[in-house]
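Chemist: prediction below, plus the sequence it came from.
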Amino acid sequence: MKTNLSSQITLTRIPLRYYRPENAFEHSVLTRLEKIPTNIYESAEEGSFAIAKEIATQIRKKQDIGKPFVIALPGGRSPLSVYKELIRMHKEEKLSFRNVIAFVEYEFYPLANPSAGNLARLKEELFDQVDIDPANIYCPDGSMPKDAILDFCRQYEETIQSVGGIDCMLLGIGNSSNIMFNVGGTTISSRTRMVLLEGASRKEAARTFPSQENVPAGIITMGISTMMNARSVILMAWGEDKASIVAKTVEGKVSDAVPSSYLQNHPNAKVVIDLSAAYDLTRISHPWLVTSCEWDNKLIRRAIVWLCQLTDKPILKLTNKDYSEHGLGELLALYGSAYNVNIKIFNDIQHTITGWPGGKPNADDSNRPERANPYPKKVIVFSPHPDDDVISMGGTLRRLCDQHHDVHVAYETSGNIAVGDEEVIRYCEYLRDVCEKYSPDSAVKDKANEIINYLRYEKVENGEPERKDVLFMKGTIRREEARHGCRYSGVKDDHVHFLDLPFYETGLVKKNDLGEADKDIVKALLLEIKPDEMFVAGDLADPHGTHKVCLDAVLAAIDEVKDEEWMKNCRVWMYRGAWAEWEMDHIEMAVPISPEELRFKRNAILKHQSQAESAPYLGDDERLFWQRAEDRNRATAELYRQLGLASYEAIEAFVQYIPLR
């Protein structure tokens, strides 16, 4: 079973020389706008292996001279692959941690239950699986008295100095550029201290707790000065949601508004990222500004869209002068004139637009994104959570049903932990009242009362999994909301599938790894329906990573059936919308939405009432899901209009996935 196929999705062919220059001269040309040495790897896994190898080398060098190796370590998701590789090296390559002294970079405060803290996670993910001496692990105490914090922070810095200082500091980066939990405005002189968790930093911390309400009020974190005093610093970032902040860190100005930018002044800092996180660096996103390009259709489209936005002109009004003045003279040499390039790209983008997402029957499909035949098509829409379908492609879903395709919707996870306790109380009170009238002695009534009392008076957030009966109620709420949304969209009741993939059912924010059982459930559905067309979530910016795991489950199943005759003729489309949107150079199918259809889509999203306003996991975006979906769909339509194409109310965009061979 292939478990990480989503990491191999390449929306754009990026020449190897852009991120692995052949010589020092080429490297200096490509990176001349970068102010921190930056190593780009094809995947997060490859980058993590490189970091782990470097750490292991430093550990062994210190062992050879009989000295300790002092490292500062973060929590969160970014370093997990690094820790896994270090554990593998310990078990298989005899890498010893006996000479390692580890300082945990931050800890939440106050911690009612130590098992919910950062140290507990690091023990589980690294320390308990290697031979490090527990006496060599230092971490802020999340349960100390408040009046002891100031002295502790001073002593923590003194302890670092007493062991010789930090040899290597491993860092992640938050979406708001926070380093550890040093947010915008933090001064370069800051040291270990207590800070309050507010705004973006609180939302960032909420990713490791059941909800924002469960996040402790503060955190004890190392400061910028602590980081600058480390002998070496490795900043890692994985995934497209980190691309913007990586570019600001590496290419922007040093500013306290972007704490990570302080690393530009560190004598031995480097950034290690994957291609997705590197996307906004100039050498990857706008290579024509730093080198000669290997032009393909997507890069040309990206360059023209960039030029249109820079000059505030539609495609067909761009001139030779516009190209020459903005570093795109190579295209004039390739195509002879601006007119020729303009026509090519205009037609290319025009052909992405279709009102027939399942293909238009009895029509010439040579310039359409989807085939005319077969008609009607068997369609499966895979939705990671019970609402991603309508949030990301609600207009397209309705269009597929209206155009008489055989549409199935498969909800991959129950989404149970994303239901607030108050929703469960409300439904249980309704259930209790119905039983009181029609079946006063019912066991269902007793169970409803039990759950109400537990949630209102007994429940304590202690990092333990949610009770099974409460999870069942939460999952049932989402299941029925999804059924209602499908019915409203025109999907038949018996075409709604709840897969309840096992990896999700932990009752905690932290999920299990993708397994054979998950893949087999998806594969069984594919073999049962044998679809002609599939839609899957390519929205990998989901803050808890569930979208990525769900995509990996579908892609793993597709990989095992790709040689089936029906699969050879099946097209797979990736959608976005809940957390991000496709960029213009990637869009291969654009489905216009009228004002009436957009109102319909909003109503379909609002069928998921438990996710409307007070859901635990709305992410960093302050907008409700229907608002962010409408804004993104309208923004896509507006971009098409600005480029000189037809003006629509909104557009849902898709990118085709080609199974790996």
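Modeler: Now that the structure is in, tell me what you want to look at. These numbers come from a predicted model, not from an experiment.
Chemist: excluding chain neighbours, what is closest to residue 410?
Modeler: For residue 410, ignoring the flanking residues on the chain, the nearest one in space by CB to CB, 6 or more residues apart in numbering is residue 497 at 4.4 Å. Backbone N, C-alpha and C define where each C-beta goes, glycine included.
Chemist: each with direction, which strands does whatever helix or strand the one you found lives in pair with?
Modeler: Element membership of residue 497 [criterion: DSSP states H and E] is strand 496-498. Strand 496-498 pairs in its sheet with strand 406-411 (parallel), by DSSP bridges.
Chemist: can you list the neighbours in contact with the partner strand?
Modeler: 376-383, 385-386, 389, 397, 400-401, 479, 482, 486, 490-492, 495-499, 522, 525, 529, 531 (CB atoms under 8 Å, 6 or more residues apart in numbering).
Chemist: going through those, which ones are buried?
Modeler: For those, a neighbour count by 16 or more other CB atoms under 10 Å gives the buried set as 377-383, 385-386, 389, 397, 400-401, 479, 482, 486, 491, 495-499, 522, 525, 529, 531.
Chemist: buried set for the host helix or strand of residue 390?
Modeler: Assigned by DSSP H and E, residue 390 belongs to helix 388-402. Neighbour counts using 16+ other CB under 10 Å place 388-401 of helix 388-402 among the buried residues.
Chemist: got it, and stretch 430-444?
Modeler: Buried residues in stretch 430-444 (16+ other CB under 10 Å): 431-432, 435.
Chemist: ok, and what's touching the helix holding residue 390?
Modeler: By CB under 8 Å, 6+ apart, helix 388-402 touches 355-358, 379, 381, 383, 407, 409, 411, 485-486, 489-491, 535, 537, 539, 547, 575-578, 591, 593, 597-598, 600-601, 604-605, 607-608, 625-626, 629, 633, 650, 652, 654.
Chemist: which ones among the residues you listed map onto strands?
Modeler: 379, 381, 383, 407, 409, 411, 535, 537, 575, 591, 593, 650, 652, 654 (DSSP state E).
Chemist: hmm, back to that, any idea of the angle the helix holding residue 390 forms with strand 378-383?
Modeler: Orientation note: helix 388-402 sits at an angle of 160 degrees relative to strand 378-383 (axes from the mean of the first three to the mean of the last three CA atoms, to 10 degrees).
Chemist: give me the residues contacting the helix or strand bottoming out on mean pLDDT in the chain.
Modeler: Across the helices and strands of the chain, mean pLDDT, DSSP states H and E gives its lowest value to helix 199-205, namely a mean of 78. Identification of contacts with helix 199-205 by CB under 8 Å, 6+ apart yields 108, 174-176, 178, 181, 183, 195, 197, 212, 215-216, 219, 619-620.
Chemist: and this protein, split by domain according to the record?
Modeler: Domain assignment of the chain by automatic domain parsing yields the ranges 41-284, 289-350, 378-416+466-657.
Chemist: residue 139 and residue 104 touch, don't they?
Modeler: Yes - using CB atoms under 8 Å, residue 139 is in contact with residue 104, at 3.8 Å.
Chemist: what sits in contact with each of these two?
Modeler: 118-119, 122.
Chemist: can you list the weak-confidence ranges in the stretch 501-650 of the chain?
Modeler: Low-confidence regions of the stretch 501-650 of the chain, defined by pLDDT under 70, span residues 540-544, 578, 614-621.
Chemist: in the stretch 501-650 of the chain, which spans are helices?
Modeler: 516-529, 546-561, 565-568, 595-606, 625-642 (DSSP state H, counting those that start in this stretch).
Chemist: run the angle between the longest one and helix 388-402 for me.
Modeler: Think helix 625-642. 60 degrees.
Chemist: oh, and call the first residue 300 from now on, that's how I've got it
Modeler: I'll keep to 300 as the first residue from here, and by that count the last item is helix 924-941.
Chemist: so which elements touch helix 924-941?
Modeler: Contacts defined by 3 or more CB pairs under 8 Å, 6 or more residues apart in numbering; DSSP states H and E place helix 924-941 against helix 596-610, helix 687-701, strand 888-892, helix 894-905, strand 949-956.
Chemist: of all the ones you listed, which lies closest to residue 744?
Modeler: Nearest to residue 744 among those is helix 894-905 (30.2 Å), distances taken as CB to CB.
Chemist: just checking, what packs against that closest one?
Modeler: helix 687-701, helix 767-788, helix 924-941.
Chemist: now those as TSV including distance to residue 603?
Modeler: Converted to TSV, the helices and strands packed on helix 894-905 look like this (distance: least, CB to CB, whole Å):
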stretch	distance to residue 603
helix 687-701	26
helix 767-788	36
helix 924-941	12
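Chemist: out of those helices, which gets nearest to residue 624?
Modeler: helix 924-941 (19.8 Å).
Chemist: just the C-alphas of that closest one, formatted as PDB.
Modeler: What follows is helix 924-941 as a C-alpha-only set of coordinates in PDB (Å, rounded to 0.1, in the frame of the first residue of the first chain):
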ATOM      1  CA  PHE A 924     -17.500  28.400   5.900                       C
ATOM      2  CA  TRP A 925     -20.200  29.700   3.600                       C
ATOM      3  CA  GLN A 926     -18.700  33.100   3.700                       C
ATOM      4  CA  ARG A 927     -15.200  31.900   2.800                       C
ATOM      5  CA  ALA A 928     -16.500  29.600   0.100                       C
ATOM      6  CA  GLU A 929     -18.500  32.500  -1.500                       C
ATOM      7  CA  ASP A 930     -15.600  34.900  -1.300                       C
ATOM      8  CA  ARG A 931     -13.200  32.400  -2.900                       C
ATOM      9  CA  ASN A 932     -15.600  31.500  -5.700                       C
ATOM     10  CA  ARG A 933     -16.300  35.200  -6.400                       C
ATOM     11  CA  ALA A 934     -12.600  35.900  -6.300                       C
ATOM     12  CA  THR A 935     -12.000  33.200  -9.000                       C
ATOM     13  CA  ALA A 936     -14.700  34.700 -11.200                       C
ATOM     14  CA  GLU A 937     -13.300  38.200 -10.700                       C
ATOM     15  CA  LEU A 938      -9.900  37.000 -11.800                       C
ATOM     16  CA  TYR A 939     -11.400  35.500 -15.000                       C
ATOM     17  CA  ARG A 940     -13.100  38.800 -15.600                       C
ATOM     18  CA  GLN A 941      -9.900  40.800 -15.100                       C
END
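Chemist: any idea of the angle that helix forms with strand 949-956?
Modeler: 90 degrees.
Chemist: in helix 924-941, what's buried?
Modeler: For helix 924-941, by 16+ other CB under 10 Å, it's 924-925, 927-929, 931-933, 935-936, 938-939, 941.
Chemist: surely residue 849 and residue 681 touch.
Modeler: Yes - with contact defined as CB under 8 Å, residue 849 reaches residue 681; the gap is 7.1 Å.
Chemist: now do the shared contacts for the two.
Modeler: 711, 836.
Chemist: where along the stretch 450-599 of the chain do the helices fall?
Modeler: Counting by DSSP H, counting those that start in this stretch, the helices of the stretch 450-599 of the chain are 498-504, 523-528, 542-550, 581-584, 596-610.
Chemist: counting by contacts, list what the fourth one packs against.
Modeler: Helix 581-584 makes packing contacts with helix 315-318 when contacts are defined by 3+ CB pairs under 8 Å, 6+ apart.
Chemist: give me the below-cutoff pLDDT ranges for the protein.
Modeler: Short version for the chain, where the test is pLDDT under 70: 509-511, 761-762, 839-843, 877, 913-920.
Chemist: understood, closing this out.
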